[in-house]
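Engineer: Sequence first, then the predicted structure, then my questions.
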Amino acid sequence: MRLPIATFIFCGLFFSSCTTENKSDVEEQEFKIDYEKFTLDNGLEVILHEDHSDPIVAVATMMHVGSNREKPGKTGFAHFFEHMSFNDSENVPVGANRKMIPEWGGSRNGGTWSDGTVYYEVVPKDAFEKILWIDSDRFGYMINTVTEAALEREKQVVKNEKRQRVDNAPYGYTDEIIRKNLYPEGHPYNWTVIGALPDLQAATIDDVKEFYAQYYGAKNASLVIAGDIDIAETKELVKKWFGEIPGGPDIEELPAMPVTLAETKSLYFEDNFAKLPELRMIIPTIEEYHKDVYPLQVLGNLLSGSKNAPLYQVIVEEKKLAPSINTYQSSSELAGEFVIRARANEGTDLDDLKAAIDEGLQRFETNGVSANDLKRIKAEIETELYQGVSTVLNKAFQLVQDNEFNGDPSYITKAAKLTEAVTAEDVMRVYNQYIKGANYVMTSVVPKGQLELAVSEAKEATVWIEEVKQDVANEEVAQGEEATYEKTPSTYDRSEPAFGELPLFKSPEVWTASLDNGMKIYGIENGEVPLVQFDITIPGGQLLDPKGKEGVANLLSDLMMEGTATKTPAELEEAIGLLGATINMYSANEDFHITGSCLTKNFKGTMALVKEILLEPRWDAKEFERLKQALETSLKGREANPNAIASLVSNKLVYGDDHMFSVPGSGTLETIKNITVADLKAYYKNLAAANATFHIAGAISKDKATPIVGVLSEFSGEAIAIPKQILPAESKGGNLYFVDVPGSKQSVIMISKLVLSATNDDANNLNFANEILGGGSSGRLFQTLRIEKGYTYGAYSGFRNSLEVAPFTVRTSVRANATFKSLTIIQEMLQNYASDFTEADVELTRNKLLKADTRAFESLGAKLGMVQHMSKYNSPSNYTEKDQAELVSMTLADYKKIIDTYIDEKDMIYLVVGDKETQFEEVKKLGKPVIELDIYGNEI
């Protein structure tokens with residue numbers, strides 16, 4: 001796992017070379033995150049960052065142990081231990097770690113990758129000390145509570161995670177193939193993070209205790225707390241809750257272990273779930289924090305990151321072998337990899353793709369690096385920097401990673417300067433040193449039965465594939481007895497602390513304006529970072545697609561980004577990049593969107609490009625054919641993905657044949673064949689200013705933003721009537737539908753029914769009523785199917801906001817041999833949900849959702865979402881406070897009525913996507929009529 005932080009390329013620096021609109025008004029200044037660092041007596045390094053912009057606090061604990069500390073035969077243990085850590089601890093009630101934090105209005109999770117393990121939470125500030133209580137207890141007081149039952153239950157959960165992410169996913173085994181062939185036996189990166197299932201199954205309680213004693217000492221960790229805190233008070237709280245955790249043994253640092261290959265290795269694998277051939281080339285390079293990482297990252301961008309990039313030009317534009325090509329540097333603590341990766345068009349011979357890559361690299365050698373390319377990349381980096389630290393959690397991630405792995409929480413500024421200093425000569429130097437002529441591992445992953453597409457003379461890759469047996473009894477787990485142990489002594493009372501002062505929620509202040517053409521503007525000013533995010537919403541989206549040509553709006557949104565009347569696609573892309581901006585278009589079910597983000601200083605220039613894109617389309621026939629080919633490739637790729645199949649079929653069952661939403665917004669292989677440029681031009685006439693809305697959030701006032709947005713005054717057009725959709729006359733509720741995906745290790749379960757639209761008076765109440773059932777990890781579905789039974793990695797339910805009538809859906813992916821038992825559990829839970837709902841559930845729902853609102857609008861994206869909600873549903877600026885009042889007024893009788901009306905099990909449509917050979921007869925035991933469908937939802 002890689003932390004979702006701003007270190008993807010570069011992060012913060014002096015951006016003297018970047019484009020700005022008023023250079024005289026912009027001072028060079030170094031970006032930094034203010035913090036205070038101290039070390040407890042036990043060796044725990046603590047970093048505090050104060051940010052009072054929202055009444056929330058983020059906590060991140062980084063353990064310096066990942067899969068690179070494991071031994072052959074005991075792989076996957078760091079990740080498995082992360083799972084175990086979320087179970088029980090001495091002073092926190094059983095199961096509270098997963099249940100309590102969401103109930104306080106917070107969120108929590110963890111992640112493990114090759115080099116480390118991170119645990120993190122974000123909570124309203126009144127739960128700050130409570131989160132220190134839980135976090136410290138997990139860190140220092142959990143090992144005595146581990147039981148055999150908990151160990152076996154978590155094994156099943158991790159197995160299901162692997163089945164979902166690896167075994168049942170197209171190209172899921174590629175990482176394993178690469179690691180085993182790039183790194184020699186004994187190298188810490190020779191195995192995957194999730195490890196081998198036989199190793200996992202063999203794990204014992206003694207193994208868990210040994211791992212904890214070795215690696216979970218305070219000296220092997222960093223703790224970051226960021227948010228609405230008082231530094232002095234927080235220091236005392238940290239000393240109280242974390243100060244008694246043992247320091248643990250001294251852990252010897254692993255030296256850098258970059259690898260070299262004596263020869264190139266070419267391997268193939270026939271993938272049961274892949275529909276398209278994929279080629280990867282992995283070249284060994286250097287470790288994280290090495291000075292050459294930065295020019296290698298720039299090199300990755302230069303080779304494929306733009307329409308002028310040589311690999312893109314050869315592979316996508318000229319030879320039309322793939323819809324895209326990716327190249328990037330990926331560095332870890334001990335070694336690094338330069339990756340070249342392309343998923344080809346259907347039927348493409350990967351020998352041709354490999355030859356095209358070689359041709360593109362040769363072209364790069366010939367043409368070298370342009371000054372404009374470097375300028376563009378550094379402009380993009382500046383924007384990415386601020387986007388990457390725009391929330392307290394992302395700041396916490398940045399600080400904790402750089403402290404633990406580099407010893408310097410402020411390394412962000414140093415990395416930025418190193419990137420700013422990269423020259424064209426540096427890029428060519430690292431290309432010649434690490435890439436040109438280097439040996440590599442090459443993987444050809446091809447659809448099963450299409451071995452002829454693999455690179456010539458590739459050797460078959462060795463992969464261990466699990467056989468899921470139908471004997472579910474051997475994999476059943478029980479809660480078991482709680483552990484008996486003597487509590488670890490403490491000088492402090494380690495019982496649950498009280499809540500702090502309840503933070504008051506206040507909606508962000510919204511300003512409004514309008515242009516002469518009728519376009520409305522909704523805005524929120526927020527100056528935490530010098531960024532703006534914006535969105536133009538035009539009603540229609542998929543709803544205005546011609547029948548039989550579904551996908552027109554989607555293709556139009558793609559084509560309009562491929563140049564303008566006066567700019568080629570490459571020129572438009574470069575103009576956007578030189579501003580460090582992003583501009584995108586997409587069509588949703590009910591709306592057409594133009595979105596973007598940029599530094600505030602570049603907003604005017606960005607809007608000039610938005611105007612040009614919107615009003616001066618290029619209608620490039622060549623690009624249209626390329627986009628159709630890329631879409632066809634994407635649609636074919638989904639045909640072997642069980643989750644994608646389930647979504648497509650479920651929508652067809654729920655909406656019926658006559659509703660536009662029965663077909664994906666991207667269209668199908670059949671519908672896109674019929675689409676022409678003329679169809680896109682006809683749809684373009686639906687884009688009208690009269691019913692369009694401009695939304696903006698960021699570091700800009702109404703007075704400054706409105707005249708800049710005014711550049712769109714030339715946009716015109718009258719509002720278009722949206723066709724009324726036809727709902728099915730009869731529901732398919734009560735039936736169970738089955739789609740066969742041969743060899744599937746998991747079954748995707750979707751249980752749905754059409755309920756209501758977001759404008760219905762009951763919409764909020766339905767969302768409230770769902771919270772206890774499937775609103776997250778504290779919901780009954782998750783708690784039963786994952787925590788208690790170990791059948792799945794996750795299980796959820798919910799209702800999607802829409803102007804059209806939308807479905808309520810339960811969704812999960814379960815171990816194949818637990819399909820019937822999972823269906824039975826869900827069925828009984830739905831049948832009894834109203835009768836089982838109690839006054840305690842009413843109170844829990846109220847408190848949980850009210851507190852969650854404290855962090856609802858922290859990011860610019862969330863603020864933008866707020867004004868989008870206002871304009872789409874005609875809501876007042878204080879709609880959240882009104883929703884809260886509605887929530888507070890809900891009684892137990894209200895909840896039961898909503899559940900009986902909208903979550904009635906007998907009206908639900910059941911869908912299972914899985915292995916027919918082992919599961920078809922099993923699902924019949926549920927007692928519902930069982931109907932088999934193909935992957936397109938047609939009855940067989």
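Structural biologist: Cool, got the structure.

Engineer: hang on, S797 packs against G779?
Structural biologist: Yes. Judged on Cβ atoms under 8 Å, S797 makes contact with G779 at a distance of 7.3 Å. Every C-beta, even on glycine, is put in place using the N, C-alpha and C of the backbone.

Engineer: neighbour-wise, which of those two wins?
Structural biologist: More crowded of S797 and G779, by other Cβ atoms under 10 Å: S797, with 25 against 21.

Engineer: Find the nearest non-adjacent residue to that one, please.
Structural biologist: What sits nearest to S797 in space, not counting adjacent residues and going by Cβ to Cβ, 6 or more residues apart in numbering, is G774, at 2.9 Å.

Engineer: picking that back up, give the residues shared as contacts by S797 and G779.
Structural biologist: Counting by Cβ atoms under 8 Å, 6 or more residues apart in numbering, the residues touching both S797 and G779 are L773.

Engineer: Tell me which residues of stretch 632-648 come out buried.
Structural biologist: Residues 632-633, 635-648 are the ones in stretch 632-648 that count as buried (16 or more other Cβ atoms under 10 Å).

Engineer: Lowest-confidence entry in those?
Structural biologist: Lowest pLDDT within those is found at A640 (83).

Engineer: OK, contacts around that one?
Structural biologist: By Cβ under 8 Å, 6+ apart, the residues touching A640 are 170, 272-275, 447, 741.

Engineer: Pick out the most distant pair among those residues.
Structural biologist: P447 and V741 (13.7 Å; Cβ to Cβ).

Engineer: would you put the C-alpha positions of the helix or strand bottoming out on mean pLDDT in the chain in PDB?
Structural biologist: The helix or strand of the chain with the poorest confidence is helix 96-103; it has a mean of 84 (mean pLDDT, DSSP states H and E). Provided in PDB are the C-alpha atoms of helix 96-103 (Å, rounded to 0.1, in the frame of the first residue of the first chain):
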ATOM      1  CA  ALA A  96     -15.400  -1.100  20.000                       C
ATOM      2  CA  ASN A  97     -12.600  -0.100  17.700                       C
ATOM      3  CA  ARG A  98     -14.700  -0.800  14.600                       C
ATOM      4  CA  LYS A  99     -18.000   0.200  16.100                       C
ATOM      5  CA  MET A 100     -17.400   3.200  18.400                       C
ATOM      6  CA  ILE A 101     -15.400   5.500  16.100                       C
ATOM      7  CA  PRO A 102     -18.100   5.700  13.400                       C
ATOM      8  CA  GLU A 103     -20.700   6.100  16.100                       C
END
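
Engineer: After it, which helix or strand is next?
Structural biologist: strand 107-112 (DSSP states H and E).

Engineer: any chance you could map the helices in the stretch 201-350 of the chain?
Structural biologist: 205-215, 231-242, 293-304, 310-312, 350-367 (DSSP state H, counting those that start in this stretch).

Engineer: Report the buried residues of the first one.
Structural biologist: Within helix 205-215, the residues that count as buried by 16+ other Cβ under 10 Å are 207-208, 211-212, 215.

Engineer: Now distance to L864 too, for the residues you listed, in a markdown table please.
Structural biologist: Listed next are those as a markdown table, based on distance: Cβ to Cβ, whole Å:
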| residue | distance to L864 |
| --- | --- |
| D207 | 47 |
| V208 | 44 |
| F211 | 43 |
| Y212 | 43 |
| Y215 | 41 |
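
Engineer: Show me which of these is closest to P807.
Structural biologist: The nearest one, if we look at the buried residues of helix 205-215 relative to P807 and count by Cβ to Cβ, is V208, at 42.0 Å.

Engineer: can I assume that closest one is in contact with M84?
Structural biologist: Yes. V208 is in contact with M84 according to Cβ under 8 Å; the separation is 6.1 Å.

Engineer: Need the residues touching each of these two.
Structural biologist: Common contacts of V208 and M84 (Cβ under 8 Å, 6+ apart): 146, 151.

Engineer: just to revisit the earlier point, same list (the helices of the stretch 201-350 of the chain) but as JSON lines, adding mean pLDDT.
Structural biologist: Formatted as JSON lines, those follow (pLDDT from 0 to 100):
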{"stretch": "helix 205-215", "mean pLDDT": "94"}
{"stretch": "helix 231-242", "mean pLDDT": "98"}
{"stretch": "helix 293-304", "mean pLDDT": "97"}
{"stretch": "helix 310-312", "mean pLDDT": "98"}
{"stretch": "helix 350-367", "mean pLDDT": "98"}
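
Engineer: closest one to T676 among these?
Structural biologist: Nearest to T676 among those is helix 310-312; the distance by Cβ to Cβ comes to 25.8 Å.

Engineer: Name the residues that touch the closest one?
Structural biologist: So helix 310-312 is contacted by 303-306, 324-325, 327, 340, 357, 360-361, 363-364, 367 (Cβ under 8 Å, 6+ apart).

Engineer: what do you get for stretch 868-878?
Structural biologist: 507, 509-510, 520, 522, 535, 537, 591, 693, 695, 758-759, 803, 879, 882.

Engineer: Quick check: which of the residues you listed has the minimum pLDDT.
Structural biologist: Lowest pLDDT within the contacts of stretch 868-878 is found at S507 (88).

Engineer: so it touches T880, yeah?
Structural biologist: Yes. With contacts defined as Cβ under 8 Å, S507 counts as touching T880 at a distance of 5.2 Å.

Engineer: Which neighbours do these two have in common?
Structural biologist: With contacts taken as Cβ under 8 Å, 6+ apart, the residues that reach both S507 and T880 are M866.

Engineer: Show me the domain layout of the chain.
Structural biologist: Domain ranges of the chain: 30-252, 265-380+406-460, 511-714, 736-933, per automatic domain parsing.

Engineer: Those: which one's closest to P503?
Structural biologist: Ranking the domains of the chain by proximity to P503 (Cβ to Cβ) places domain 30-252 first, at 3.4 Å.

Engineer: what about the chain, any weak spots by pLDDT?
Structural biologist: 1-31, 468-481 (pLDDT under 70).

Engineer: Figure out which of the helices of the stretch 201-350 of the chain is closest to Q398.
Structural biologist: Across those, Q398 has its closest neighbour in helix 293-304 (16.4 Å, Cβ to Cβ).

Engineer: tell me, how many neighbours does the closest residue in space to G914 that isn't next to it in sequence end up with?
Structural biologist: Once flanking residues are discounted, G914 sits nearest to S747: 3.3 Å by Cβ to Cβ, 6+ apart. When neighbours are counted by other Cβ under 10 Å, S747 registers 32.

Engineer: in a strand, that's where S747 is, yeah?
Structural biologist: Yes. With DSSP: H, G, I helix; E, B strand; the rest coil as the criterion, S747 is part of a strand.

Engineer: quick one, what contacts it?
Structural biologist: Contacts of S747 by Cβ under 8 Å, 6+ apart are 813-816, 819, 822, 912-915, 919.

Engineer: Tell me how far the helix or strand hosting L572 lies from the chain's centre.
Structural biologist: Using DSSP H and E, L572 sits within helix 569-578. Offset of helix 569-578 from its chain centre (Cα atoms, centre = their mean, to the nearest Å): 27 Å.
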